[in-house]
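1. Whatever this is, show me its structure:
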Amino acid sequence: MAAPQEESPATKGEKQPLYNASTQFRNWRFSFEGLAEVRGSMNEAAVAAIRRKIEADEPGSSSNLSFLTADEEVVLVKLYLTKITQLCGMFRFPEEVEATGITYLKRFYLRNTVMDWHPKNVMLTALFLATKTSNFPISLETYTKHIPKTVPNDVLELEFLVAQSLAFEFAVWHAHRALWGIWLDVQALPDLPVKLDPEIYHGALAHVRASRLTDAELVYSPSQIALAAFSLAAPEIASRWLDSKNSDEHRMKPNVIEEIKTLILSQGHPPEIEAVREVDRRLKLCKNPEKVPGTKAYLAKRAEEERKAEEKRAKKADTVQKAMAGDGDPFGNELKKSHTALVDYDDDDDD
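-> Residues are numbered from 1 along each chain as shown. From the prediction side, this is the model:
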């Protein structure tokens, strides 16, 4: 994986934001070029591996297949980002759960490909995991009961894979939190050019939500995204707030904010349904055969997994049997009692 985007090192003694010490800053921030490299190399490796498996079953059968590109994978994942929002509305999950579930799904597909794991079940698992890490738990039975054609095992069988793909780094720094901080700050600014209306905050929050359908959080910091969203809702107030925070030591570049605003406006919307349908149709033809029940590759993989599991069980049973046959106890030998006490209480010093 390409290295996350790095910022200039801090000078000695300079105070750094807490965000800079987070796993999000260290491991989940990239440049746009870095993101393209990660996705492109992963896509190429997946296509090569799947082609080999298809050819092993039916030589020559992969020549006419049109495999998905990295950009097409992003389009399909983007659709399921919108599904998370719909589910959160149905379950009335808080903003934190929705934002975290979306982040988890994005991060999962920086380590995996849709040709191995379809976003539908991964999305359900990512959101369920987010309810737990965001301290808003819901029982698995209640969760799956309200989602059509879903059983608990659909979520459980992918939970460890999703957690592992996230490197077990569950904490997420979100732009909607930073936006709330800005909103509280601007209320203390003197001589504002316009009246502070709650609709300004709600409008900015809508832009933050739109940013979740883009790569913004994988490139920019939460505070930068929040300020860009606020600037879209109230540019004059945002400019005043920025002036009050800028100093010689810490200065946010206006061009960065403009980049994020352009990104939100151009890409912060659901993908076209027809484009997604075409990608999904082709995915059915080029999916990893080891993940498709009934195929030769799937049956061979299951047989190999069962063989390895049987070998492991046999090895464990043999170890126990040998221990039982010998003098040793399979649970460990009994500790020998010491015949010499640390203190001899019978010793009479009065003699």
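
2. Low-confidence regions, the stretch 151-300 of the chain specifically.
-> 247-252, 292-300 (pLDDT under 70).

3. For burial, what's the neighbour tally of Glu272?
-> Here the count is done by other C-beta atoms under 10 Å, and Glu272 has 11 residues near it. Placement of C-beta: from N, CA and C, glycine included.

4. swap in Arg92?
-> Counted with other C-beta under 10 Å, Arg92 comes out at 7.

5. do the same with Lys316
-> Lys316: 10 neighbours (other C-beta under 10 Å).

6. Over to the one 3 residues further on?
-> Here the neighbour count serves as a burial measure; for Thr319 (other C-beta under 10 Å) it reads 11.

7. Kindly report the same for Thr23.
-> Using other C-beta under 10 Å: Thr23 sits among 15 other residues.

8. Phi and psi next, for it.
-> phi -70, psi -30 (degrees, to the nearest 10).

9. Which residues are in contact with it?
-> Ala167, Glu169, Ala171 (C-beta atoms under 8 Å, 6 or more residues apart in numbering).

10. ok, now how distant is it from Leu166?
-> Remark: distance between Thr23 and Leu166 (C-beta to C-beta, to the nearest Å) = 10 Å.

11. and the gap between Glu278 and Ile200?
-> Glu278 sits at a distance of 40 Å from Ile200 (criterion: C-beta to C-beta).

12. Over to Arg29?
-> Noted for Arg29: a distance of 29 Å to Ile200, by C-beta to C-beta.

13. quick one: which of the two has more around it?
-> Legend: neighbour count by other C-beta under 10 Å for Arg29 and Ile200, higher for Arg29 (21 against 18).

14. shouldn't the more buried one be in contact with Leu218?
-> Yes. Using C-beta atoms under 8 Å, Arg29 is in contact with Leu218, at 6.6 Å.

15. now what about the helix or strand hosting Arg209, what contacts it?
-> For Arg209, the host element (DSSP states H and E) is helix 198-211. Contacts with helix 198-211, where a contact means C-beta under 8 Å, 6+ apart, come from 85, 175-176, 179, 183, 217, 225-226, 228-230, 232-234, 237, 260, 263-264, 268-269.

16. Of those residues, keep whichever come out buried.
-> 85, 175-176, 179, 183, 217, 225-226, 228-230, 232-234, 237, 260, 263-264, 268 (16 or more other C-beta atoms under 10 Å).

17. Looking at those residues, which are in helices?
-> Where the buried ones among the contacts of helix 198-211 overlap with helices, as defined by DSSP state H, the overlap consists of 85, 175-176, 179, 183, 217, 225-226, 228-230, 232-233, 237, 260, 263-264.

18. In the helix holding Arg209, which residues are buried?
-> Neighbour-count burial for helix 198-211 flags Ile200, Tyr201, Ala204, Leu205, His207, Val208, Arg209, Ala210, Ser211 (criterion: 16+ other C-beta under 10 Å).

19. how near is the first one to Pro137?
-> This points to Ile200. Ile200 is 34 Å from Pro137, by C-beta to C-beta.

20. Distance from whichever strand or helix holds Phe160 to the middle of the chain?
-> Taking DSSP H and E as the definition, Phe160 sits inside helix 152-165. The chain centre lies 12 Å from the centre of helix 152-165; the measure is C-alpha atoms, centre = their mean, to the nearest Å.

21. What of stretch 23-33?
-> With C-alpha atoms, centre = their mean, you get 12 Å for stretch 23-33.

22. Dump that stretch to PDB, restricted to CA.
-> Extracted C-alpha coordinates of stretch 23-33, given in PDB (Å, rounded to 0.1, in the frame of the first residue of the first chain):
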ATOM      1  CA  THR A  23      -4.100   6.300  13.600                       C
ATOM      2  CA  GLN A  24      -6.400   8.100  11.100                       C
ATOM      3  CA  PHE A  25      -3.700  10.700  10.400                       C
ATOM      4  CA  ARG A  26      -0.900   8.200  10.300                       C
ATOM      5  CA  ASN A  27      -2.500   5.300   8.400                       C
ATOM      6  CA  TRP A  28      -5.600   6.500   6.500                       C
ATOM      7  CA  ARG A  29      -4.600   9.800   4.900                       C
ATOM      8  CA  PHE A  30      -3.400   9.900   1.300                       C
ATOM      9  CA  SER A  31      -2.900  12.200  -1.600                       C
ATOM     10  CA  PHE A  32      -5.200  11.800  -4.600                       C
ATOM     11  CA  GLU A  33      -2.400  10.200  -6.500                       C
END
